[in-house]
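**Student:** need a 3D model of the following:
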Amino acid sequence: MRSTQLRRLGLASVFALVLALFGLAPTASAADPSPADLTFTTDSATTHPGGTVNLSMTITNNRTYDVWFVYQTIEPTWLTTQRPDLKYGFAGCTLATASGSVPCSGTGPADLGANYGATIPPGQSRTVTLTLHIAADSGCNGNIGFYSYYYAEFSDSANTSGGPVYTPETRVLCA
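**Tutor:** Just a heads-up that it's a prediction; the model follows:
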């Protein structure tokens, strides 16, 4: 009976060793970072009717493979849509490059992915800045905010998606 117990214990030990060697055993390490992170910043927390605010979107590649493709949407938050007197629109788009900013397209409510430019290498980021124009006849004392979902594909055929990611709100002040 004792040899049967030792044999079982030996088989269990061998199995645990195989799992540990091939990385299948649970580990106590911290969780891996998100494969891609999307963040937003604005150059101003407030503006007036007729003013503009630059909304910058940065996607960071946290993987060891290139990002080949990004698809992104941007929509007003529910609270923004509840203020029909707030009038605004995207008036321009630029992609930050090593040699300066270049114009980009796709400033509508969807398909902002092409704005990030070509491949994003591992550990690097791309930033696109949208110019948000507040109409001169817009209402005031309200907040304008957006949210975004994104989908990214990597050179190893993996993909990731995320969201909603919220922008900082911009307060439209009375003059």
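**Student:** which residues does stretch 37-57 contact?
**Tutor:** Outside stretch 37-57, the residues that touch it by CB atoms under 8 Å, 6 or more residues apart in numbering are 58-60, 62, 72, 74, 91, 112, 127-140, 146, 148, 150, 162-163, 165-175. C-beta coordinates here come from the backbone N, C-alpha and C atoms, glycine included.
**Student:** run the last query once more with 7 Å
**Tutor:** 58-60, 62, 91, 127-138, 140, 148, 150, 162, 165, 167-168, 170-173, 175 (CB atoms under 7 Å, 6 or more residues apart in numbering).
**Student:** number of nearby residues for residue 152?
**Tutor:** 24 (other CB atoms under 10 Å).
**Student:** OK, contacts around it?
**Tutor:** For residue 152, the contacting residues are 36, 67, 69-70, 159-160, by CB under 7 Å, 6+ apart.
**Student:** among the residues you listed, who's most crowded?
**Tutor:** Highest neighbour count within the contacts of residue 152, by other CB under 10 Å: residue 67, with 26 neighbours.
**Student:** out of everything not next to it in sequence, what's closest to it?
**Tutor:** For residue 67, ignoring the flanking residues on the chain, the nearest one in space by CB to CB, 6 or more residues apart in numbering is residue 120 at 3.9 Å.
**Student:** buried ones in stretch 116-129?
**Tutor:** Neighbour-count burial for stretch 116-129, counted by 16 or more other CB atoms under 10 Å, picks out 116, 120, 125-129.
**Student:** what residues are up against the residue nearest to residue 67?
**Tutor:** Counted by CB under 7 Å, 6+ apart, residue 120 has contacts 59, 61, 66-67, 126.
**Student:** state the distance from it to residue 61.
**Tutor:** To residue 61, residue 120 is 5 Å away according to CB to CB, to the nearest Å.
**Student:** find residues that contact each of the two.
**Tutor:** Contact criterion CB under 7 Å, 6+ apart; residues shared by residue 120 and residue 61: residue 67.
**Student:** please, which helix or strand holds the most centrally placed residue in the chain?
**Tutor:** By CA atoms, centre = their mean, the mean C-alpha position of the chain lies nearest to residue 38, the distance being 1.9 Å. Assessed by DSSP states H and E, residue 38 sits inside strand 36-42.
**Student:** pLDDT on that strand, on average?
**Tutor:** Here strand 36-42 scores 92 as its mean pLDDT.
**Student:** okay, now the sheet partners of it, with direction.
**Tutor:** Strand 36-42 has its sheet partners listed here by DSSP bridges as strand 52-61 (antiparallel).
**Student:** fine by me, we can end here.
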